[in-house]
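K.L.:
what follows is a predicted structure for the sequence shown.
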Amino acid sequence: MARSEALEAYRALPVPDTAQEHWRFTDLRGFDPDSFSADGGAVVRPESMLELDVAGLAFVGEGGVEIERAPEGITFAPLSEDHELLHELVGWDEKFAAHNAAEWRHGLLVHVPKDVVLERPLYVRIANSVEGGSLFWRLLVIAEEGARFSLIEEYTSATPELSAYSNAVAELFVGQAAKLEYVSIQNLSRGTWHFATHHARVGRDAELDWVAGGFGSKKGKTWIENDLAGQGAQSRVTGAYFADGDQHIDYDTFQEHMAPSTTSDFAFKGALRDTATAVWRGMIRVEQEAQQTDAYQESRALMLSPDAHAVPIPGLEILANDVRCTHGATVGRVDRDELFYCMARGLSRAEAERLII
C-alpha cells in the first residue's frame, strides 16, 4: 500500500522549479528522473576516500546489499519493507522522497539495543555502477536508550565519468540518553544527479553528532532535518563541502526544537572554485513549549575563483520567549593578509592557499 500511494504522489508532483522558494537557486531543467534505467547491476567496491577499522561493513549497489561483517548483539541487516518505523520521519509529500518511497529495493536496518556501546564504527558504502542507471537507497537507524555507536555511510560511483541518478533517504531514531555519531559523505561522480533526505529524531537527554560532506555529484539537493523531540536533547551538525568545475551543491537544513532545554549547533563550511555553486538554506524553528532553547547555525563559504557562487540563506522562526538563538553567514575570498603571512614564510601561493583552505 505504501509503495502504491508513494508512486501516485510521485506522479502527481511536478519536478520542482525555481518558482518554488526552496528551489529558487537550483534549476533542474533538463533533468528527467524517469529517463534513468532501473535495471539491476552489480555490487561494486570502488576505492573509498576513507580508511577505517570498522566493526560492521556493508556494500550496496544496484544488485543489492552485501553484509561483509556485523558485530554480535545488534541488527546490521537488509531493511524489510514492513518495518514499523519505516516512513515515520520521511514519507512521500515531496517529489524525490516520493520517488524513493515508491522505488527503493535496497536498504539497511541498523538497530543497536539498550545500553550497547560499540567501540568501532559501522560502515556502509553505496556505489552507483550502471551508466544511465538509478539507485534508490534507504537507511533506518535505531539507537535504543543508552546505546552509543558511530555509523558512516559513503556515496560513491564505480567510475569518475559515470552518468546516473542517486536517490537516498535516511531515518534516524536516537532514544533516551543514547548517543549516535552519524557521518554521511557524498563523493559521487560529476555526472550523477543526487537527491537525499536525512531526518533524525532525538529523544530525551540524547545526543546526535552529525557530519555531512559534499564533494561529488553534478547537481541535486540534500535535506537535513533534526527534531529535538525530548527534553535535554542535543544535536551538533558539522558540514564540509568542496565543488569545482560546474558542480552545483544544495543543502536545505531544518533544526526543530520541540521540547524544553534543547541544544542545537550547526556549522557548514565550504570552498568553491571555477564556476561551481553552493546553496545553503538553514532554518531554526523553536516551538512554543521549547523554552530555554539554545540554538546556533552558521555558514561560511570561501570563493577561490571570481566566477564561483555561494547563496547562504539563514532563518529563525521562534515561538517561545525564553531562548537563545543566533545565526550567521559569510561569503568571502582567501584573506590577503593570511596569504601574505604564509608566503612570507616560504610557502608558494598554491601551498599557502591550500593551507588556509
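P.N.:
Alright, I've got the coordinates. Everything quoted here is computed from the prediction, not taken from an experiment.
K.L.:
which residues in the stretch 101-250 of the chain form helices?
P.N.:
In the stretch 101-250 of the chain, no segments count as helices under DSSP state H, counting those that start in this stretch.
K.L.:
low-scoring stretches of it, by residue?
P.N.:
Within the stretch 101-250 of the chain, not a single segment meets pLDDT under 70.
K.L.:
now the strands for it?
P.N.:
Applying DSSP state E, counting those that start in this stretch to the stretch 101-250 of the chain gives strands spanning 106-112, 122-128, 133-143, 148-157, 163-174, 179-187, 191-202, 207-214, 219-228, 234-243, 248-257.
K.L.:
quick one: residues in contact with the longest helix seen in the chain.
P.N.:
Secondary structure of the chain read by DSSP state H shows that its longest helix is helix 2-12. Outside helix 2-12, the residues that touch it by Cβ atoms under 8 Å, 6 or more residues apart in numbering are Glu81, Leu86, His87, Gly91, Trp92, Asp93, Lys95, Ala98, His99, Ala101, Ala102, Glu103. C-beta here means a position set from N, CA and C on the backbone, and glycine is covered the same way.
K.L.:
just the helices in the stretch 251-357 of the chain please.
P.N.:
336-343, 349-356.
K.L.:
need those helices in CSV (columns: mean neighbour count and distance to Val15).
P.N.:
Below are the helices of the stretch 251-357 of the chain laid out as CSV (neighbours: other Cβ atoms under 10 Å; distance: least, Cβ to Cβ, whole Å):
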stretch, mean neighbour count, distance to Val15
helix 336-343, 13, 43
helix 349-356, 13, 38
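K.L.:
so can I have a markdown table of these showing distance to Ala259 and mean pLDDT?
P.N.:
Output for these, formatted as a markdown table (distance: least, Cβ to Cβ, whole Å; pLDDT from 0 to 100):
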| stretch | distance to Ala259 | mean pLDDT |
| --- | --- | --- |
| helix 336-343 | 42 | 91 |
| helix 349-356 | 40 | 87 |
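K.L.:
now those helices as TSV including distance to Ala164?
P.N.:
Output for the helices of the stretch 251-357 of the chain, formatted as TSV (distance: least, Cβ to Cβ, whole Å):
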stretch	distance to Ala164
helix 336-343	38
helix 349-356	30
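K.L.:
re the thing from before, buried residues in the longest helix of the chain?
P.N.:
Under the neighbour-count criterion of 16 or more other Cβ atoms under 10 Å, helix 2-12 has Ala6, Leu7, Ala9, Tyr10 buried.
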